[in-house]
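Enquirer: build me a model:
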Amino acid sequence: MAPSQGYGPPKIEGVRAVRVGGEDALQALAPGAAGPSPRVRLEVRAEGFTGRAMPLLIRVGGRAYRASSFSADGKTVSFILDEIPPEGAVIEVGYPPHQMAELPERFSLSMLEDTEPGGGS
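Expert: Numbers count the residues shown, from 1 in each chain. Modelled structure (predicted):
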């Protein structure tokens with residue numbers, strides 16, 4: 001019997017990046033800025049997020065992060081990044097080592113949205 005190929009990588013539909021915490025986005029990104037570093041919440045929409053023994057991960061610019069929350073419908077997953085990734089960083093989501101999906105878009109500061117007014121993050 002041939003070994004199982006698993007479920008495959010998720011089918012990515014889109015990504016959203018929201019700055020959470022820290023100072024004003026542009027000021028916080030300036031070289032030598034003081035104060036708490038902003039973090040980023042990446043929200044990835046996809047089909048194929050399934051419950052598995054292996055945790056769902058995102059790699060951004062080579063750093064890996066675990067999923068922090070799933071939407072009720074299981075199609076959106078959030079990841080909290082503890083720092084702003086470098087411009088042009090590759091974004092991959094999935095179940096390592098062989099079931100990762102590379103997003104067509106690269107990380108860019110232009111994709112960052114500010115935290116919603118009133119602190120809703």
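Enquirer: lowest average confidence, helix or strand, in this structure?
Expert: helix 25-29 (a mean of 48; mean pLDDT, DSSP states H and E).
Enquirer: what kind of secondary structure is the residue sitting nearest the centre point of the chain in?
Expert: In the chain, the residue lying closest to the centroid (CA atoms, centre = their mean) is Leu42, at 3.5 Å. Of the three states, Leu42 takes strand under DSSP: H, G, I helix; E, B strand; the rest coil.
Enquirer: show me the contacts for it.
Expert: With contact set as CB atoms under 8 Å, 6 or more residues apart in numbering, Leu42 has these partners: 15-17, 58, 60, 78-79, 81, 91. C-beta coordinates here come from the backbone N, C-alpha and C atoms, glycine included.
Enquirer: make a ChimeraX selection of whichever of the residues you listed turn out to be buried.
Expert: Here is the ChimeraX selection string for the buried members of the contacts of Leu42, based on 16 or more other CB atoms under 10 Å:
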select :15,17,58,60,78,79,81,91
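Enquirer: from the contacts of Leu42, pick the one nearest Leu109.
Expert: Nearest to Leu109 among the contacts of Leu42 is Ala17, at 9.1 Å by CB to CB.
Enquirer: mind telling me what element the closest one is part of?
Expert: Assigned by DSSP states H and E, Ala17 belongs to strand 11-20.
Enquirer: and that strand, what does it pack against?
Expert: Packing partners of strand 11-20 (3 or more CB pairs under 8 Å, 6 or more residues apart in numbering; DSSP states H and E): strand 39-47, strand 112-113.
Enquirer: no further questions, thank you.
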